[in-house]
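> Any chance you can model this:
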Amino acid sequence: MNFITAPLGEKAQITLPKVIREALNIKNSGDLVGFIIEGKTIKLTKAYVIPEMYEFSDEEAKKLAQLAHKKKGHRFKNAETALRYLWDI
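This is a model prediction of the structure:
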């Protein structure tokens, strides 16, 4: 496990260290960062916008949450491929 720090700025903002951006494949200023809060632990992840035309049932949302917590996870080319995978499991 690595422990990395970043200073808090005047407006309570931080700049993600390069090693973190590389690990999360964050390259552009428009990329979204997600925060998963579990008690006093906060996990950082790259977040993606899912088109509004897709609605998730409670069961699908639970499956998606389970996928997010798997150690190795999956990588998808686009949102459509990810959704097809989700609907198939």
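> Read off the pLDDT value for Leu86.
Note on Leu86: pLDDT of 71.
> and what of Phe56?
72.
> Could I get the average pLDDT for stretch 2-18?
Stretch 2-18 comes out at a mean pLDDT of 91.
> starting at the chain centroid, how far to that stretch?
In terms of Cα atoms, centre = their mean, to the nearest Å, the centre of stretch 2-18 is found 18 Å from the chain centre.
> Residue ranges of each domain in the protein, please.
Recorded structural domains for the chain (assignment: automatic domain parsing) are 1-47, 49-89.
> Could you dump these into TSV with mean neighbour count added?
To be clear about C-beta, it is placed using only N, CA and C from the backbone, and glycine gets the same treatment. Formatted as TSV, the domains of the chain follow (neighbours: other Cβ atoms under 10 Å):
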stretch	mean neighbour count
domain 1-47	10
domain 49-89	11
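> could you pull out the helices for the protein?
Secondary structure of the chain (DSSP state H): helices located at 18-24, 58-69, 79-88.
> Now do the shortest one: which elements does it pack against?
Using 3 or more Cβ pairs under 8 Å, 6 or more residues apart in numbering; DSSP states H and E as the contact definition, the elements that helix 18-24 packs against are strand 41-47.
> So for the strand it packs on, mean pLDDT?
89.
> can you check stretch 61-69 too?
pLDDT averaged over stretch 61-69 gives 73.
> With just CA atoms, put that stretch into CSV.
Only the C-alpha atoms of stretch 61-69 are listed here, as CSV (Å, rounded to 0.1, in the frame of the first residue of the first chain):
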residue,chain,number,x,y,z
ALA,A,61,-27.6,-0.7,-9.2
LYS,A,62,-26.6,-3.4,-6.7
LYS,A,63,-24.7,-5.4,-9.3
LEU,A,64,-22.9,-2.2,-10.5
ALA,A,65,-21.9,-1.4,-6.9
GLN,A,66,-20.6,-5.0,-6.5
LEU,A,67,-18.5,-4.6,-9.7
ALA,A,68,-17.0,-1.4,-8.4
HIS,A,69,-15.8,-3.1,-5.2
